[in-house]
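Participant: Return a 3D structure for these sequence lines:
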Amino acid sequence: MADYIGLDIGTSGCKAGVMDGRGRLIASASREYQFVHPRPGWVELNPRAVWGCVRQALAEIADFAGGARSLAVSSIGESMVMTGANDEVICNASVYLDNRCAETVRAIASRISPIEAHRLTGVTIAPVYSLCKILWMRSHMRAELDRVGKAFTFGEYFAYLLCGERGVDPSTASRTMMLDFETFGWSDRMMEAFEVEKSWFAPIIEPGTPLGRIRPNVAEELGLPADMEILAGCHDQPCATLGAGALDAGDMLIGMGSSESLNLVVERGPVSDGFIENNVNVEPFFEERAFASTAQLAHGASIRWFAQRFEDAIRRHAQSGESIYQTADRLCPDDSGGVFFLPYMSGTDSNDMGNEAKGCFVGLHLAVDEWRMYRAVLEGLCYETRYRFDLLARGGGEVKSITASGGGAKSKLLMQMKSDALGRAIRALESAESGIKGLGVICAVSGGEYSGYREAVTQFVEYGGSFAPERDCSAGYRRYRAVSDAMRELHRELGAL
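Facilitator: Numbers count the residues shown, from 1 in each chain. Below is the predicted model of the structure:
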């Protein structure tokens, strides 16, 4: 059996892993990179800095990758890398946490109705998508936009640096808000309506399609096999869903990273009225299926924000070998003492574009310590998961099984709270890296090692612990929603002043 490399390029860092043909992880490496904040509310990544981190991670695993036949890339979906005539990077890539594009949402809605756009592209009109970023550049960075020769989706750009060839899969293309969800090709309707140059974009191809062999200079620099093929990967969410073994309609993955995405596998077909009414996005998936998804954009980011702000206090109580998150979990009380946390830390809400509420604590008093505040953070995140879970149900999505992956799935405390909040059993993956596993599945199927994805996931996917509800959280959820609704209304009123 051959070996394979998965390269997952996320919001705050990249990970590379070498797997054998049965999905066993031989070696892995990761690197973190920093956001760039040119102005308040702007959140960018420098593609050159990310490429430096990608090279470091790949070089670290190179000694274990001598038998690697192919490499596939997954990444965050909406960010774009704009390059000029000589492939020079023109500007940084804004990420989904960036909130500069609110005005472009209104501009899009003035030309195409939100219902028509959703039915055509599978996604809601929201400022996170690439189309909004292009329209913003047209208004504010026209000189830079006039220099654009190629527009890359984020993961596609780094695959291009590895092999020199282009191609983007349907799931990643859907995050531009310019995919035709019926044909899985570029939407002439959207590109013509908003005067976007189609020649900027790569052909849309299926995940696992060979793009080309690794560039000789890159292979030599990083110590990777000179004959290794670079394959088209996919958006990180379908990749993680595949890597969790979720292939049947009704299977749900809760991907718990910097953001949290609830991905429910559904049969492929026209976007349903129920999903449109509830602002639920639908994205291409594998084996003639799609998945409906909702997301809270600052999930792990909220936990990380809290841990960084209270790091000194947390470390004073740390036991040997504990991370700050393990210490916080150990000292977390059974209730928040009436404190609520609203995790609206990104300034955007993919399911409610009218939500102007900001992240905040409600109910603080002099007896509240950092541990009750931490409990409130976790509760707020779990109740937001419940809210988005209910959106999928109202849209007509039937959930038959729930699997969790990502960094948050390693916390037994958070997993139990999540199960309690949903009132449903959840199983966690043995490995938190379902995205890397999914890339290995894509490589193995592309290489002919398995007849299809279903056969491959039986070898690649292993499940860990499972969690069943232990307490009724319905009253707590109702109180949380009352506080959330009140704060949304308050911020709407404040915004009108």
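Participant: Can you list the helices and strands that the longest helix belonging to the chain packs against?
Facilitator: Taking DSSP state H as the assignment, the helix of the chain that covers the most residues is helix 370-394. Where contact means 3 or more CB pairs under 8 Å, 6 or more residues apart in numbering; DSSP states H and E, helix 370-394 is packed against strand 260-267, strand 289-296, helix 300-309, helix 324-331, strand 340-342, helix 412-422, helix 474-496. In this view, the C-beta of every residue, glycine as well, is placed from N, C-alpha and C.
Participant: And that helix, how far out from the chain middle?
Facilitator: From the chain centre to the centre of helix 370-394 is a distance of 18 Å (CA atoms, centre = their mean, to the nearest Å).
Participant: and it with helix 412-422, angle?
Facilitator: Helix 370-394 and helix 412-422 meet at an angle of 40 degrees, taking axes from the mean of the first three to the mean of the last three CA atoms, to 10 degrees as the criterion.
Participant: where do the helices sit along the stretch 151-300 of the chain?
Facilitator: Ranges of helices in the stretch 151-300 of the chain, per DSSP state H, counting those that start in this stretch, are 154-163, 170-174, 188-193, 216-222, 236-243, 273-277, 300-309.
Participant: Is it possible to get a markdown table of the helices and strands packed on helix 370-394 that adds mean neighbour count and distance to residue 405?
Facilitator: Formatted as a markdown table, the helices and strands packed on helix 370-394 follow (neighbours: other CB atoms under 10 Å; distance: least, CB to CB, whole Å):
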| stretch | mean neighbour count | distance to residue 405 |
| --- | --- | --- |
| strand 260-267 | 24 | 10 |
| strand 289-296 | 24 | 14 |
| helix 300-309 | 18 | 12 |
| helix 324-331 | 18 | 17 |
| strand 340-342 | 24 | 24 |
| helix 412-422 | 21 | 11 |
| helix 474-496 | 14 | 24 |
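Participant: Distance to residue 457 and mean pLDDT added to these, as JSON lines?
Facilitator: Converted to JSON lines, these look like this (distance: least, CB to CB, whole Å; pLDDT from 0 to 100):
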{"stretch": "strand 260-267", "distance to residue 457": "12", "mean pLDDT": "94"}
{"stretch": "strand 289-296", "distance to residue 457": "13", "mean pLDDT": "88"}
{"stretch": "helix 300-309", "distance to residue 457": "25", "mean pLDDT": "94"}
{"stretch": "helix 324-331", "distance to residue 457": "29", "mean pLDDT": "96"}
{"stretch": "strand 340-342", "distance to residue 457": "36", "mean pLDDT": "96"}
{"stretch": "helix 412-422", "distance to residue 457": "22", "mean pLDDT": "98"}
{"stretch": "helix 474-496", "distance to residue 457": "33", "mean pLDDT": "89"}
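Participant: closest one to residue 140 among the ones you listed?
Facilitator: Among the helices and strands packed on helix 370-394, helix 474-496 comes nearest to residue 140, with 21.7 Å by CB to CB.
Participant: how about the closest one as PDB, C-alpha atoms only?
Facilitator: Only the C-alpha atoms of helix 474-496 are listed here, as PDB (Å, rounded to 0.1, in the frame of the first residue of the first chain):
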ATOM      1  CA  SER A 474     -34.200  23.000  28.200                       C
ATOM      2  CA  ALA A 475     -34.800  25.700  30.900                       C
ATOM      3  CA  GLY A 476     -31.300  27.000  30.600                       C
ATOM      4  CA  TYR A 477     -31.500  27.200  26.900                       C
ATOM      5  CA  ARG A 478     -34.800  29.100  27.000                       C
ATOM      6  CA  ARG A 479     -33.200  31.700  29.400                       C
ATOM      7  CA  TYR A 480     -30.200  31.900  27.200                       C
ATOM      8  CA  ARG A 481     -32.300  32.600  24.100                       C
ATOM      9  CA  ALA A 482     -34.300  35.300  26.000                       C
ATOM     10  CA  VAL A 483     -31.000  37.000  26.900                       C
ATOM     11  CA  SER A 484     -29.700  36.600  23.300                       C
ATOM     12  CA  ASP A 485     -32.900  38.000  21.800                       C
ATOM     13  CA  ALA A 486     -32.900  41.000  24.200                       C
ATOM     14  CA  MET A 487     -29.200  41.800  23.400                       C
ATOM     15  CA  ARG A 488     -29.800  41.500  19.700                       C
ATOM     16  CA  GLU A 489     -32.700  44.000  20.000                       C
ATOM     17  CA  LEU A 490     -30.600  46.300  22.200                       C
ATOM     18  CA  HIS A 491     -27.800  46.500  19.700                       C
ATOM     19  CA  ARG A 492     -30.200  47.100  16.900                       C
ATOM     20  CA  GLU A 493     -31.500  50.100  18.800                       C
ATOM     21  CA  LEU A 494     -28.000  51.300  19.600                       C
ATOM     22  CA  GLY A 495     -27.000  51.000  16.000                       C
ATOM     23  CA  ALA A 496     -30.000  53.200  15.000                       C
END
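Participant: one step back: I'd like the helices and strands packed on helix 370-394 as JSON lines, with distance to residue 132 appended.
Facilitator: Below are the helices and strands packed on helix 370-394 laid out as JSON lines (distance: least, CB to CB, whole Å):
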{"stretch": "strand 260-267", "distance to residue 132": "19"}
{"stretch": "strand 289-296", "distance to residue 132": "16"}
{"stretch": "helix 300-309", "distance to residue 132": "20"}
{"stretch": "helix 324-331", "distance to residue 132": "33"}
{"stretch": "strand 340-342", "distance to residue 132": "24"}
{"stretch": "helix 412-422", "distance to residue 132": "31"}
{"stretch": "helix 474-496", "distance to residue 132": "20"}
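Participant: Leaving out chain neighbours, which residue sits closest to residue 28?
Facilitator: residue 17 (4.1 Å; CB to CB, 6 or more residues apart in numbering).
Participant: now the host helix or strand of that neighbour: mean pLDDT?
Facilitator: Element membership for residue 17, per DSSP states H and E: strand 13-19. Across strand 13-19, pLDDT averages out at 97.
Participant: What strands line up against the next helix or strand after the longest helix of the chain, and which way round?
Facilitator: The helix or strand immediately downstream of helix 370-394 is strand 401-405, counting by DSSP H and E. Paired strands of strand 401-405, with direction, are strand 251-256 (parallel), strand 426-429 (parallel) (DSSP bridges).
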